[in-house]
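In: pasting a predicted model and its sequence here:
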Amino acid sequence: MPSIQNKLLFWLVLCIVLASTCSGIISYKKSFTATTKLFDYLLQEVATSLPAHLDTKTIYQRDSLNKHIVVQIWNRNQHLIYTSNPEWKLPRYSQQGFQTISAFGAHWRIYTENRRSNYIQVAYQTAVVNELATELAIQAILPFVLIIPLALVLVGLIIHRGLRPFRSTAQALAERTPDQLEALSTQQLPKELVIITQAINELLARLANALNAQRAFVADAAHELRSPLTALKLQLQLTERIQQEPQRSQALAKLHERLNRAIHLVEQMLVLARQESNLEPASFHLNSINQLVLQAVQSQQALAQQKQINLSAQTSPFDIQILMNVHSMEILLRNLLENALKHTPAKGIVIVSVREEAEVVVLRVMDSGCGIEAEERNHVFRRFYRIQHNQQGGTGLGLAIVKSIADQHQASINLLDSPLAQGLLVEVSIPKNINKF
């Protein structure tokens, strides 16, 4: 597993080594240039410090010169009259001043000048300058080399101390039980860790909401399924006791009806549980709301004709494309239409319309049914809430599912009086630009 501490140490060591190398190269070049100038100056000083009247006796009485410097003197007849080091018999070079030459398998730096018909030539090997420059460069790099181990220890301690909040946060998470989903404290945390902690807190909040929804679902399921299951059992026992027709057929039909209601209740509860858990991101794509409305109306036409209800759709003349989860929007329309058809009497009217506005697309479902009292409209989106004096029955989950899907699409829902003679108008305003991602 990659380690941040090891990576930081590696890159730090690499930076120190590169800095030391660059410093050594720069020091070597500067030392080489300075030493070359110094030796050039020394050559010139040696040449100019010789006496004006040169003779062999005078020269040999001088202090012995540096062993690295070779002094040679030729007379006007170009005869070598003096050399400080007989081992190195350099040829006479006519060019005066400084120059670099190659002789005896080495590079030499020489200085020549004429003095009273004598020709003076002073030289030294450039290897001497290289050795001196290298020695100076090593002396410049040596402190870095000695500092590297100490720097590694100090930086390792600093990094270890700097990563302590990360270890504390990890330990705090590891010590928590599955039920402890409270937000982590961000006080006294470094800025880099605050961002991570806030993301973890957001995840914990989503998990807490999902777990709370599941707990509420289990509790509501146990409560709501007890009554229909008990009724089914009683109906079954009653049916078993009936031996004569047509009472037995009627009892079986009643049993099938209650069984279908129980199945529908379970299906609705599963749909609501999936919508409210919100653990998996929904797939949102651009789709035509007009086409979705026409398909939903078409799927409910058989039920509308059976109940003798005039079901119609009024779509926009333009193809309105919005970002949506198609499956969820199909469930929303189906629940709104089923509610409208259930509470609308025979010969009634149910109209589904689509209207495009500046920022939203308005989906409207209106009916001429019994409607919902104004004081109850704020409660009907709660799970298992049933309208008082409702003779049509129902699971009490249809509008809760609609509300959950609307929240998923960042849409708003309004329950209004129907523009028809009576009934309910459900208005869903879906934003065109959903900030889903």
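Out: Perfect, I can see it now. Keep in mind that what you see is a predicted model, and the values were worked out from it rather than measured.
In: CA atoms for contacts and neighbours, from now on please.
Out: OK.
In: which other helices and strands does the longest strand along the chain contact?
Out: Counting residues, the longest strand found in the chain (DSSP state E) is strand 106-115. Judged by 3 or more CA pairs under 8 Å, 6 or more residues apart in numbering; DSSP states H and E, strand 106-115 is in contact with helix 4-48, strand 97-103, strand 118-125, helix 126-162.
In: the ones you listed: which one's closest to L286?
Out: Nearest to L286 among the helices and strands packed on strand 106-115 is helix 4-48; the distance by CA to CA comes to 42.3 Å.
In: mind giving me the packing neighbours of that closest one?
Out: Counting contacts by 3+ CA pairs under 8 Å, 6+ apart, helix 4-48 is packed against strand 106-115, strand 118-125, helix 126-162.
In: is it possible to get JSON lines of the ones you listed that adds distance to S249?
Out: Converted to JSON lines, the helices and strands packed on helix 4-48 look like this (distance: least, CA to CA, whole Å):
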{"stretch": "strand 106-115", "distance to S249": "122"}
{"stretch": "strand 118-125", "distance to S249": "124"}
{"stretch": "helix 126-162", "distance to S249": "79"}
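In: E375 is nearest to which of the ones you listed?
Out: The closest of the helices and strands packed on helix 4-48 to E375 is helix 126-162. By CA to CA, the value is 58.6 Å.
In: what is that closest one packed up against?
Out: helix 4-48, strand 106-115.
In: most packed of the ones you listed?
Out: Most buried of those by mean neighbour count (mean count of other CA atoms under 10 Å) is strand 106-115; its value is a mean of 19.
In: export that strand to PDB, keeping only CA atoms.
Out: What follows is strand 106-115 as a C-alpha-only set of coordinates in PDB (Å, rounded to 0.1, in the frame of the first residue of the first chain):
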ATOM      1  CA  ALA A 106      48.900  16.900 -20.700                       C
ATOM      2  CA  HIS A 107      47.300  20.300 -21.000                       C
ATOM      3  CA  TRP A 108      49.300  23.300 -20.100                       C
ATOM      4  CA  ARG A 109      48.500  26.900 -19.500                       C
ATOM      5  CA  ILE A 110      51.400  29.200 -20.500                       C
ATOM      6  CA  TYR A 111      52.300  32.900 -20.400                       C
ATOM      7  CA  THR A 112      55.000  34.300 -22.600                       C
ATOM      8  CA  GLU A 113      56.600  37.800 -23.000                       C
ATOM      9  CA  ASN A 114      59.800  39.400 -24.400                       C
ATOM     10  CA  ARG A 115      62.200  41.000 -21.900                       C
END
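In: so how far is the helix or strand containing S328 off the chain centroid?
Out: Secondary structure from DSSP states H and E places S328 in helix 326-342. The chain centre lies 37 Å from the centre of helix 326-342; the measure is CA atoms, centre = their mean, to the nearest Å.
In: contacts for the next helix or strand after it?
Out: Following helix 326-342 in sequence order, the next helix or strand is strand 349-356 (DSSP H and E). For strand 349-356, contacts defined as CA atoms under 8 Å, 6 or more residues apart in numbering pick out 289-290, 293, 297, 309-316, 320, 340-341, 344, 361-368.
In: in strands, which of these appear?
Out: Among those, DSSP E puts N310, L311, S312, A313, Q314, V361, V362, L363, R364, V365, M366, D367 in strands.
In: how about the nearest residue to the third one, chain neighbours excluded?
Out: Just to be clear, that refers to S312. Excluding the flanking residues, the one nearest S312 by CA to CA, 6 or more residues apart in numbering is I351, at 5.1 Å.
In: pLDDT score assigned to that neighbour?
Out: I351 carries a pLDDT value of 94.
In: run a quick neighbour tally on it.
Out: Neighbour count for I351, taken as other CA atoms under 10 Å: 19.
In: next one: it from V129, what distance?
Out: The spacing between I351 and V129, counted by CA to CA, to the nearest Å, is 101 Å.
In: cool, S283 as well?
Out: Separation of S283 from V129 (CA to CA) stands at 75 Å.
In: more neighbours, those two?
Out: Higher neighbour count among S283 and V129: V129, with 21 against 12, using other CA under 10 Å.
In: how much space between the more buried one and F32?
Out: Distance, V129 to F32, by CA to CA: 6 Å.
In: returning to what we had before: adding mean pLDDT, write the helices and strands packed on helix 126-162 out as a markdown table.
Out: Output for the helices and strands packed on helix 126-162, formatted as a markdown table (pLDDT from 0 to 100):
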| stretch | mean pLDDT |
| --- | --- |
| helix 4-48 | 79 |
| strand 106-115 | 88 |
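In: need these in TSV with distance to N260, can you?
Out: Formatted as TSV, the helices and strands packed on helix 126-162 follow (distance: least, CA to CA, whole Å):
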stretch	distance to N260
helix 4-48	60
strand 106-115	107
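In: what about the ones you listed, which gets the closest to S412?
Out: Closest among the helices and strands packed on helix 126-162, using CA to CA: helix 4-48, at 46.5 Å.
In: the closest residue to Y82 other than its chain neighbours: which element?
Out: Of all residues not flanking Y82 in the chain, I73 sits nearest, at 5.1 Å (CA to CA, 6+ apart). For I73, the host element (DSSP H and E) is strand 69-74.
In: Provide the strand pairings for that strand, with the direction of each partner.
Out: strand 80-83 (antiparallel), strand 118-125 (antiparallel) (DSSP bridges).
In: and the shortest one, what's buried?
Out: Neighbour counts using 16 or more other CA atoms under 10 Å place L80, Y82, T83 of strand 80-83 among the buried residues.
In: without its sequence neighbours, what residue ends up closest to R377?
Out: Distance criterion CA to CA, 6+ apart; nearest residue to R377, sequence neighbours excluded, is L415 at 6.7 Å.
In: ok, now which ones touch that neighbour?
Out: Counting by CA under 8 Å, 6+ apart, L415 makes contact with R377, L424, L425, V426, E427.
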